[in-house]
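Participant: Give me a model of this one.
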Amino acid sequence: MHIANPIYDVVFKYMLEDNKAAKLLLSAIIGENIIELEFCAQERTLEIPRHNEERSPLTVCHFDFSAKIETEIGFKTVIIELQKAKLQSDLMRFRRYLGVEYQNPNNSYFVTITRKKGKKEFKEVKQEKMRQIYCIYFLDYGMDLPARPVLQVNYNVKDAYTGDEFPASGEFITGLHHRSWIVQIRELKARRRNDLEKILSVFDQSNVTNTQHILDVDDESFPKEYQQIIRRLRKAMEDPKKRREMELEDDIIKELQDKERQIEENIKIIADKDKTIADNIKTIADKDLTIAEMEKTIAELKKQNYQHFNK
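Facilitator: Presented below is the predicted three-dimensional model:
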């Protein structure tokens, strides 16, 4: 079955705008049951020079969700921050966005607590609580990470002296630390070991057809309960506007990659020049040392000759 390629930001966003598809995908990644999901797309626009135009807008999206999750002891609400990157320069953007999320006042909530005021009086007060933050990263470039499709980064709590581990729970731990999942798109090829890897097969770029915009996936091996994801991506493929937006994204990404390549080449040229300058400075220093040693030798000879003729 042919579907639109979700490696493209426009398709990725279109897929996640479907609440059911988003809940299915995110629940599979974090391994928890999301029963309610509120989506908010955070967009940034960067103006970059184009050869054929004065300016062209590049929209860079990351995705924020407020998720209500069912647990064994009840329910919890977390913030899920999902980001997707094609360029290594996006790493700094990850850090900036995460910092913004920790400062965002909307990522906290108030609970009513009853406190004893006197022997018989009770007072209700509101106390602010922090929502836990989950981070999900989709990477489409090589990194210094283990070669696995999905990596989970979790915090642990242990005694620094004995090494004894304790449950990673409590407001201090969950409020100031975050869990992360890293999906390495280039490692998805031929990996179908569990339902999650089968679901993520919609990102497997080895399934591209004669056009980079379309993937050919085996929908029969795709878990039936997750078919909404396939349906959403097929709908995106049939939308002419989405096809055109993918073409524009190709042009912009190519220019950004060219700019990154040019920057790397310029850095190498500068490094080579710096090395040449350093080598020249060393050569001059060596010559100065040689001259100084020669002058010292000449002075010694003159001194010896002077002493010889004055005996």
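Participant: any idea which element the closest residue to residue 192 other than its chain neighbours lies in?
Facilitator: In this structure, residue 192 finds its nearest non-sequential neighbour in residue 198, 5.3 Å apart by CB to CB, 6 or more residues apart in numbering. Bear in mind the C-beta positions are built from the backbone N, C-alpha and C, glycine included. In this assignment (DSSP states H and E), residue 198 forms part of helix 195-199.
Participant: Pull out the buried positions in that helix.
Facilitator: Within helix 195-199, the residues scored as buried using 16 or more other CB atoms under 10 Å are 196-199.
Participant: what does the helix or strand where residue 228 lies rub up against?
Facilitator: Element membership for residue 228, per DSSP H and E: helix 227-237. Around helix 227-237, the neighbours that count as contacts under CB atoms under 8 Å, 6 or more residues apart in numbering are 1-4, 6, 11, 14-15, 18, 20-21, 24-25, 199, 202, 213-214, 217, 219, 222, 242-243.
Participant: from those, which would you call buried?
Facilitator: Buried among these by 16+ other CB under 10 Å: 3-4, 6, 11, 14-15, 18, 21, 24-25, 199, 202, 213-214, 217, 222, 242-243.
Participant: Distance from the lengthiest helix in the chain to the middle of the chain?
Facilitator: In the chain, taking DSSP state H as the definition, the longest helix is helix 240-309. Its chain's C-alpha centre and that of helix 240-309 lie 33 Å apart, by CA atoms, centre = their mean, to the nearest Å.
Participant: Stretch 196-214 too?
Facilitator: Worked out by CA atoms, centre = their mean, stretch 196-214 lies 20 Å from the chain centre.
Participant: distance between the ends of it?
Facilitator: End-to-end distance for stretch 196-214: 21 Å, by CA to CA, to the nearest Å.
Participant: Identify all contacting residues around that stretch.
Facilitator: By CB under 8 Å, 6+ apart, the residues outside stretch 196-214 that reach it are 2-8, 24-25, 28-29, 138, 149-150, 183, 185-186, 188-192, 215-218, 221-223, 226, 229-230, 233, 237, 243, 246-247, 250.
Participant: can you tell me which of these are in helices?
Facilitator: Counting by DSSP H, these contribute 24-25, 28-29, 229-230, 233, 237, 243, 246-247, 250 to helices.
Participant: Count the neighbours of the closest residue to residue 182 other than its chain neighbours for me.
Facilitator: Of all residues not flanking residue 182 in the chain, residue 151 sits nearest, at 4.3 Å (CB to CB, 6+ apart). The number of residues packed near residue 151 is 17, by other CB atoms under 10 Å.
Participant: give the contact list for residue 151.
Facilitator: 145, 181-182, 184.
Participant: Alpha carbons only: can I get the helix holding residue 228 in CSV?
Facilitator: In CSV, the C-alpha atoms belonging to helix 227-237 read as follows (Å, rounded to 0.1, in the frame of the first residue of the first chain):
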residue,chain,number,x,y,z
GLN,A,227,-4.5,1.0,11.1
GLN,A,228,-5.7,4.6,11.7
ILE,A,229,-2.1,5.7,11.2
ILE,A,230,-1.9,4.0,7.8
ARG,A,231,-5.3,5.5,6.8
ARG,A,232,-4.1,9.0,7.8
LEU,A,233,-0.9,8.7,5.8
ARG,A,234,-2.8,7.4,2.8
LYS,A,235,-5.1,10.4,3.0
ALA,A,236,-2.1,12.7,3.0
MET,A,237,-0.8,11.0,-0.1
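Participant: I'd like the numbering to begin with 6 instead of 1 from here.
Facilitator: Sure thing, new numbering starts at 6, so read that last one as helix 232-242.
Participant: Only the buried residues of that helix, if you could.
Facilitator: 233-235, 237-238, 241-242.
Participant: what's the span of stretch 204-211, first residue to last?
Facilitator: End-to-end for stretch 204-211, by CA to CA: 15 Å.
Participant: For it, give the mean pLDDT please.
Facilitator: Per-residue pLDDT values across stretch 204-211 average out to 92.
Participant: try stretch 10-21
Facilitator: Mean predicted lDDT for stretch 10-21 stands at 92.
Participant: likewise stretch 238-255?
Facilitator: Per-residue scores along stretch 238-255 average to 88.
Participant: swap in stretch 301-314?
Facilitator: On average, stretch 301-314 scores 75.
Participant: in the stretch 106-255 of the chain, what spans have low per-residue confidence?
Facilitator: For the stretch 106-255 of the chain, applying pLDDT under 70 flags the ranges 106-134, 147.
Participant: Quick check: residue 167 is in a helix.
Facilitator: No - Residue 167: not assigned to a helix; according to DSSP: H, G, I helix; E, B strand; the rest coil it is coil.
Participant: what about it, distance to residue 182?
Facilitator: 21 Å (CB to CB, to the nearest Å).
Participant: what do you get for residue 275?
Facilitator: Residue 275 is 39 Å from residue 182, by CB to CB.
Participant: The two - which one has more neighbours?
Facilitator: Counted by other CB under 10 Å, residue 275 and residue 182 do not tie: residue 182 has more neighbours, with 14 against 10.
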